[in-house]
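Chemist: Sharing a model that was predicted from the sequence below.
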Amino acid sequence: MTPTPTQSVKIQLLDAIIPHVAFDGWAPAAFDAAIADSGVDPALARSLCPRGAIDLAIAFHEQGDQAMVAALHAADLTHMRFRDKVAHAIRLRIAAIPDKEAVRRGTALFALPHMAADGARLIWGTADQIWTALGDTSEDANWYTKRLTLSGVYASVVLYWLGDDSTGGQATDAFIDRRIDDVMQVEKVKARLRDNPVLKPLTLPFGRLMAGIKAPRRNIDPDLPGIWRDPT
């Protein structure tokens, strides 16, 4: 997809800010340097990024999501188990990161109390992109629980990866497999509890309640969690 003129300017600013983030973080100084280096008109830059470097940090994360989705669509997943497809998607998302220090600085930024909501939305968005690309058709509470669980997995993988100095990221690869295995064990326990005839009188009402929760309709509810899209 060809970027719009607005998107092209944001890409220019994003490319220009990355070398400065390692030293200044996603901060006003880095944003000012990006404007100077890119040659973008300062008024235009600030109109596109009213929060300055914060908006570019968000764009940096979303750019990685887009690269992951493109790589997923190009990959042959035919013979993979579903758990392996999810693990592969996480690996592709990590591989889509062009600058580790930019992520480290972003992690520190979105850990700040006033930025926590933005950080949570970005992680949720990554999980949503993975499930959607893998063909998730959930229409009930499972839509939310799948993304919530994967958000936790992806967030833990990123933190582990930031501290991983193993050759070729082998330790991170193994960590991803362990985390996916943990999730699968939880799902197995949930299934056993759900199918246990002794517990059914307790679990059945809860199941009915959960079935009443509906996934957001993407063409009608574009601002609900996990499906927010940048209007630019």
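Modeler: The structure has been received and is ready for your questions.
Chemist: Show me what the host helix or strand of K85 packs onto, helices and strands only.
Modeler: For K85, the host element (DSSP states H and E) is helix 82-95. On a contact count with 3 or more C-beta pairs under 8 Å, 6 or more residues apart in numbering; DSSP states H and E, helix 82-95 meets helix 53-74, helix 116-133, helix 141-162, helix 170-195. C-beta coordinates here come from the backbone N, C-alpha and C atoms, glycine included.
Chemist: CA atoms only: put the first one into CSV for me.
Modeler: When you say that, I think you mean helix 53-74. What follows is helix 53-74, C-alpha atoms only, in CSV (Å, rounded to 0.1, in the frame of the first residue of the first chain):
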residue,chain,number,x,y,z
ALA,A,53,8.2,12.4,20.0
ILE,A,54,5.4,10.4,21.8
ASP,A,55,3.4,10.3,18.6
LEU,A,56,6.5,9.0,16.8
ALA,A,57,7.1,6.4,19.4
ILE,A,58,3.5,5.2,18.8
ALA,A,59,4.1,5.3,15.0
PHE,A,60,7.3,3.3,15.5
HIS,A,61,5.4,0.5,17.3
GLU,A,62,2.6,0.4,14.8
GLN,A,63,5.1,0.3,11.9
GLY,A,64,6.5,-2.9,13.5
ASP,A,65,3.0,-4.3,13.7
GLN,A,66,2.5,-3.6,10.0
ALA,A,67,5.8,-5.3,9.0
MET,A,68,4.9,-8.3,11.1
VAL,A,69,1.5,-8.7,9.5
ALA,A,70,3.0,-8.4,6.0
ALA,A,71,5.6,-11.1,6.9
LEU,A,72,2.8,-13.3,8.3
HIS,A,73,0.8,-13.1,5.2
ALA,A,74,3.8,-14.0,3.1
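Chemist: Please give me every residue in contact with W161.
Modeler: Neighbour list for W161: 94, 169, 172, 175 [criterion: C-beta atoms under 8 Å, 6 or more residues apart in numbering].
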